[in-house]
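A.B. asks: no FASTA, just this:
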């Protein structure tokens, strides 16, 4: 038995464009459905959606047979949470609100076993290691783990150059919504100053040899980001897609009546 290959991480390293979709319904059935629609990656959101270990586990299991790679966004870069979700089988973690190089270095340590890190060893209880049925897990795990940090504050932007020097950070996700708020433009992620800041951040990430990502539910914004070199873009959110489609069906019927 071999450790599961992280297709998403290897695709980023190869410079391939990766399209994603956000999951907030906390439903394994919805996650499974989305996994078979063709997206390269899916984010199981544990920051703003009411997910926990059990609901994330169910979604990881539901999406595992598909070609879509499941990324788990944690509520924060907590050492204990990182250990738990890695043991659960998540291979790619998205950590919000990273603002300093020290934070980034800590996250790398939390994801690695000693002597390079501080991740606790509990493979007999870990789905990631197939409960010790995979004898190679301790040797192979690290090369298949992917760390994505979110830069979404003015402080994070100010420290981005130093953050990008941290070895073990695989990719950087730019969050325009929160960034707009910290810049004084809450609710206006398309404000020219926010767009300029995001554009500068993307160029820095690319220059550092790391992959840049973002969420862009507006088609024109998504296209613009891709042209700037954003390599992984989430094009939609399950909750918004359901609400928009359900409302549209009702509205269209009422118009016909």
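C.D. replies: Cool, the structure landed. Since the model is a prediction, treat every value here as computed from it, not as a measurement.
A.B. asks: what ranges of the stretch 101-250 of the chain fall below the confidence cut-off?
C.D. replies: Counting by pLDDT under 70, not a single residue of the stretch 101-250 of the chain qualifies.
A.B. asks: hey, where'd the helices end up in it?
C.D. replies: With DSSP state H, counting those that start in this stretch as the criterion, the stretch 101-250 of the chain has helices at 101-111, 137-140, 154-158, 160-163, 176-182, 192-207, 219-228, 238-256.
A.B. asks: With distance to residue 25 added, can I get these in JSON lines?
C.D. replies: For glycine as for every other residue, the C-beta is placed from the backbone atoms N, C-alpha and C. Listed next are these as JSON lines, based on distance: least, CB to CB, whole Å:
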{"stretch": "helix 101-111", "distance to residue 25": "27"}
{"stretch": "helix 137-140", "distance to residue 25": "31"}
{"stretch": "helix 154-158", "distance to residue 25": "29"}
{"stretch": "helix 160-163", "distance to residue 25": "32"}
{"stretch": "helix 176-182", "distance to residue 25": "20"}
{"stretch": "helix 192-207", "distance to residue 25": "28"}
{"stretch": "helix 219-228", "distance to residue 25": "22"}
{"stretch": "helix 238-256", "distance to residue 25": "5"}
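A.B. asks: With respect to residue 58, which of these lies nearest?
C.D. replies: Set against residue 58 and scored by CB to CB, these come closest in helix 238-256, at 14.9 Å.
A.B. asks: coming back round to it: out of the helices of the stretch 101-250 of the chain, which gets nearest to residue 70?
C.D. replies: helix 238-256 (13.4 Å).
A.B. asks: got the buried residues for the closest one?
C.D. replies: By neighbour count on 16 or more other CB atoms under 10 Å, the buried set for helix 238-256 is 238-239, 241.
A.B. asks: what does it rub up against?
C.D. replies: Residues outside helix 238-256 that contact it (CB atoms under 8 Å, 6 or more residues apart in numbering) are 21-25, 30, 34, 49, 217.
A.B. asks: how about a cut-off of 10 Å?
C.D. replies: Outside of helix 238-256, the residues within contact range by CB atoms under 10 Å, 6 or more residues apart in numbering are 21-27, 30-31, 33-34, 42, 45, 48-49, 217, 236-237.
A.B. asks: Pull up the gap between the nearest residue in space to residue 165 that is not next to it in sequence and residue 220, please.
C.D. replies: Among residues not flanking residue 165 along the chain, residue 101 sits closest, at 6.8 Å (CB to CB, 6 or more residues apart in numbering). According to CB to CB, to the nearest Å, residue 101 stands 34 Å off from residue 220.
A.B. asks: Looking at those two, which one has more neighbours?
C.D. replies: residue 101 (17 against 8; other CB atoms under 10 Å).
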